[in-house]
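J.: Kindly generate the corresponding structure for this input.
(one chain, ligands or ions: 1)
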Amino acid sequence: MGGEPNEARVVAEVPKGLLVAGQWMDASDGATLDVLDPSTGETLCAVADATPEDGRRALDAAAGAQKEFAATAPRARADMLMAAFDLLHERIDDLALLMTLEMGKPLAEARGEIAYAAEFFRHFAEEAVRIEGGYQTAPAGGSRFLITKQPVGPALLITPWNFPMAMGTRKIGPAIAAGCTSIIKPAQQTPLSMLALGEILREAGVPDGVVNILPTTRPGELTEPLLRSGVIRKLSFTGSTAVGRVLLAQSAEQVLRTSMELGGNAGFVVFEDADIDEAVAGAMAAKMRNTGEACTAANRIFVQRSVIEEFGDRLAKAMSELPVGRGVEEGVRVGPLIDEAAREKVQTLVDDAVAGGARVLTGGTAPDGPGYFYPPTVLTGVPASAKMGSEEIFGPVAPLTPFDTEDEVVEAVNDTEYGLVNYVFTNDLRRGLRVAEALESGMVGLNQGVVSNPAAPFGGVKASGLGREGGRTGIEEFLETKYVGIAM
Ligand code: NAP
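T.: Numbers count the residues shown, from 1 in each chain. Okay, here's the model as predicted:
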């Protein structure tokens, strides 16, 4: 793998149309959108740019396929997901290269994401055949309750650019498993991975109209009529809290079922009794996965005062040794950020923290040259007033802040509107469990820097979202519970 001929080939091979009713087609007005390589700023290719009219076509296709798909045998739906799982693994090299080209993450991480994405299909293939109901006697006797689960109906699935494949399969997997048809709107910066997945789902035997894919430069114009149509019954969104709030308001009109995976502001807490090697490795994972462009990224690192100097020195050394470059190059561990706006935001947050008294241990200045690169950066003594304490950095910047007591750090970590994930490093079991319980987040990493796992319920509280993806609960988000009261 690697090398320019392969790069050109994988881009050439991906479908460039909209997937509607099982067919690849141009946008109704013939418009296209350019997809760029963030490591060079150059155009990779153009894909069809869906119009609201295309949205209506996709809606008709999803609605038209819903009844028959809901009646498909669960085993048949599971088999489709397993076939897609196998194809994702068969094509993992090409798919990883494609993802690296459009998104920037290093090839090894892109491969990791394809495997992670595929795992959602395997997980939900296994769930598809285990959708359970119930039968019980009414407490007063006499009548019976028959409890059954049915697909919620056509779903709108909106995904972000940072995990172009996995955020899709995390929604498409349970939708197919539950028997829901869907319209997918991928992020406009990274449509290629989703289009490649669309072809895989076709080959895997997913019936026409069950999965429709619409990249667009007009997200609001496309999706708002769908949410208000009365045909879509479910919204599953992964993205920023700001956009999530808008979509929740739009979903209120038709009282839609919603799953919202929104922004994060993860705290990462290192107690003085932690294994510092483990804590540094955990911080590297929690901070540098996806070049820091993850909702789960450690955004605020709190280190007990007695160990902050040692921890900071070790983290800065490890961070400064990471090779930065085009993700397709051998050995590169840190790719570019998604675009210039993202890079400027990171620089602004770093400058603000430094102006407030933070000290730069490594990094801190964007390099010249093509591509949206930013060096791994460690700041220490970041004041509580710094803007990066309340905003997602979404870049390779680790801000360290000292703390003294357990109560103080729990209060500081919880002092945010977000509540997706937090991380705690300690070798004191009681303290670990006590702090994990006290933290206001949907997930906690206890002595580990990664929590994403398809078999676990992923999601946040507070402004980080509603609902859970993955785990046993992931499929429930696409199912309605019906109870039939039976007179005996
Ligand atoms: P974003 O700007 O909210 O975009 C997410 C998706 O929403 C994209 O497909 C985007 O389309 C679309 N969108 C934007 N405005 C819209 C509108 N008015 N109506 C309908 N759709 C609209 O977020 P992002 O910058 O791509 O992604 C980063 C954010 O996602 C971060 O906040 C991160 O924390 C969050 N995230 C959360 C999770 C989680 O599981 N909790 C996972 C990953 C990421 P365009 O591409 O056209 O803008």
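
J.: Just to check, residue 23 is in contact with residue 208?
T.: Yes - with contact defined as C-beta atoms under 8 Å, residue 23 and residue 208 form a contacting pair (7.5 Å). Where you see a C-beta, it was placed from the backbone N, CA and C, and this is true even at glycine.

J.: Quick check: the residue of this structure nearest the ligand.
T.: Residue of the chain nearest the ligand, by C-beta to the nearest ligand atom: residue 239 (2.6 Å).

J.: Share the number of residues neighbouring the closest residue to that residue other than its chain neighbours, please.
T.: Distances taken as C-beta to C-beta, 6 or more residues apart in numbering place residue 160 nearest to residue 239, at 4.7 Å, with adjacent residues excluded. Neighbourhood size, residue 160 [other C-beta atoms under 10 Å]: 21.

J.: Can you classify residue 160 by secondary structure?
T.: What DSSP: H, G, I helix; E, B strand; the rest coil gives for residue 160 is coil.

J.: Get me the contact residues on the stretch 201-350 of the chain for the ligand.
T.: Contact residues, the stretch 201-350 of the chain versus the ligand (C-beta under 6 Å from any ligand atom): 219-220, 223, 238-240, 243, 246-247, 261-264, 295.

J.: Out of those residues, which sit inside helices?
T.: Among those, DSSP state H puts 219-220, 223, 243, 246-247 in helices.

J.: In PyMOL, how would I select the buried members of those residues?
T.: Command for PyMOL that selects the buried part of these, burial taken from 16 or more other C-beta atoms under 10 Å:
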select buried, resi 219+223+243+247
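
J.: Quick one: the ones in helices among the residues of the stretch 201-350 of the chain next to the ligand as CSV, columns for pLDDT too.
T.: As requested, those are exported to CSV (pLDDT from 0 to 100):
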residue, pLDDT
219, 98
220, 98
223, 98
243, 98
246, 98
247, 98
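
J.: hmm, back to that, pull the contacting residues for the residue nearest to residue 239.
T.: By C-beta atoms under 8 Å, 6 or more residues apart in numbering, residue 160 lies in contact with 167, 187, 238-240.

J.: how about the ones in helices among the residues of the stretch 201-350 of the chain next to the ligand in JSON lines, adding distance to residue 377?
T.: Putting these into JSON lines (distance: C-beta to C-beta, whole Å) gives the following:
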{"residue": "219", "distance to residue 377": "31"}
{"residue": "220", "distance to residue 377": "34"}
{"residue": "223", "distance to residue 377": "36"}
{"residue": "243", "distance to residue 377": "27"}
{"residue": "246", "distance to residue 377": "32"}
{"residue": "247", "distance to residue 377": "33"}
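
J.: what's the pLDDT at the residue nearest to residue 239?
T.: The model reports residue 160 with a pLDDT of 98.

J.: Over to residue 4?
T.: Confidence at residue 4, expressed as pLDDT, is 76.

J.: And for the one 10 residues further on?
T.: Confidence per residue is given as pLDDT, and for residue 14 that number is 98.

J.: residue boundaries of the helices in this protein?
T.: Going by DSSP H, the chain shows helices at 4-13, 52-70, 74-90, 92-103, 107-128, 166-178, 191-203, 219-227, 241-252, 276-288, 308-320, 340-355, 406-414, 429-438.

J.: Nearest to residue 365 among the ones you listed would be which one?
T.: Judged by C-beta to C-beta, the one of the helices of the chain that comes nearest to residue 365 is helix 340-355, at 7.8 Å.

J.: Extract the C-alpha set from that closest one and format it as CSV.
T.: This file holds the C-alpha atoms of helix 340-355, laid out as CSV (Å, rounded to 0.1, in the frame of the first residue of the first chain):
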residue,chain,number,x,y,z
GLU,A,340,-7.6,26.3,8.2
ALA,A,341,-10.5,27.4,10.4
ALA,A,342,-9.8,24.5,12.8
ARG,A,343,-6.1,25.4,12.9
GLU,A,344,-6.8,29.0,13.6
LYS,A,345,-9.2,28.1,16.4
VAL,A,346,-6.5,26.0,18.0
GLN,A,347,-3.9,28.7,17.7
THR,A,348,-6.3,31.3,19.2
LEU,A,349,-7.1,29.0,22.2
VAL,A,350,-3.3,28.4,22.8
ASP,A,351,-2.5,32.2,22.5
ASP,A,352,-5.3,33.0,25.0
ALA,A,353,-4.1,30.4,27.5
VAL,A,354,-0.5,31.7,27.2
ALA,A,355,-1.7,35.3,27.6
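
J.: Counting by contacts, list what that helix packs against.
T.: In terms of contacts (3 or more C-beta pairs under 8 Å, 6 or more residues apart in numbering; DSSP states H and E), helix 340-355 is packed against strand 377-380, strand 397-403.

J.: Quickly run through the sheet partners of the longest one, with directions.
T.: Read it as strand 397-403. strand 298-304 (parallel), strand 377-380 (parallel) (DSSP bridges).

J.: Let me have the ones you listed in CSV, adding mean pLDDT and distance to residue 146 as columns.
T.: CSV is the format used below for the strands paired with strand 397-403 (pLDDT from 0 to 100; distance: least, C-beta to C-beta, whole Å):
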stretch, mean pLDDT, distance to residue 146
strand 298-304, 98, 47
strand 377-380, 98, 59
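
J.: Redo the ones you listed as JSON lines? Include mean neighbour count.
T.: Formatted as JSON lines, the strands paired with strand 397-403 follow (neighbours: other C-beta atoms under 10 Å):
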{"stretch": "strand 298-304", "mean neighbour count": "27"}
{"stretch": "strand 377-380", "mean neighbour count": "26"}
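
J.: Make JSON lines from the helices and strands packed on helix 340-355 and add distance to residue 333 to it.
T.: Formatted as JSON lines, those follow (distance: least, C-beta to C-beta, whole Å):
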{"stretch": "strand 377-380", "distance to residue 333": "14"}
{"stretch": "strand 397-403", "distance to residue 333": "15"}
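
J.: shouldn't residue 17 be in contact with residue 32?
T.: No - judged on C-beta under 8 Å, residue 17 makes no contact with residue 32 at a distance of 9.9 Å.

J.: Now the common contact residues for the two.
T.: In contact with both residue 17 and residue 32: 47-48, using C-beta under 8 Å, 6+ apart.

J.: returning to that earlier point: need the winner for burial among the helices of the chain.
T.: The highest mean neighbour count among the helices of the chain, using mean count of other C-beta atoms under 10 Å, belongs to helix 166-178: a mean of 29.

J.: Residue 297 touches residue 291, doesn't it?
T.: No - applying C-beta under 8 Å as the test, residue 297 and residue 291 come out as separate, 9.2 Å apart.

J.: remind me which residues of this structure are low pLDDT?
T.: 1-3 (pLDDT under 70).

J.: same thing but 80
T.: Low-confidence segments of the chain (pLDDT under 80): 1-4.

J.: Go ahead and flag the most central residue of it.
T.: Centroid check for the chain by C-alpha atoms, centre = their mean gives residue 167 as the closest residue, at 4.3 Å.

J.: dump the residue contacts of it.
T.: Per C-beta under 8 Å, 6+ apart, neighbours of residue 167: 159-160, 238, 261.

J.: ok, and the closest non-adjacent residue to it?
T.: Looking at residue 167 with C-beta to C-beta, 6+ apart, the closest residue is residue 159, at 4.3 Å.

J.: what about that neighbour, neighbour count?
T.: The number of residues packed near residue 159 is 28, by other C-beta under 10 Å.

J.: Residue 139 too?
T.: Per other C-beta under 10 Å, the neighbour tally for residue 139 reads 7.
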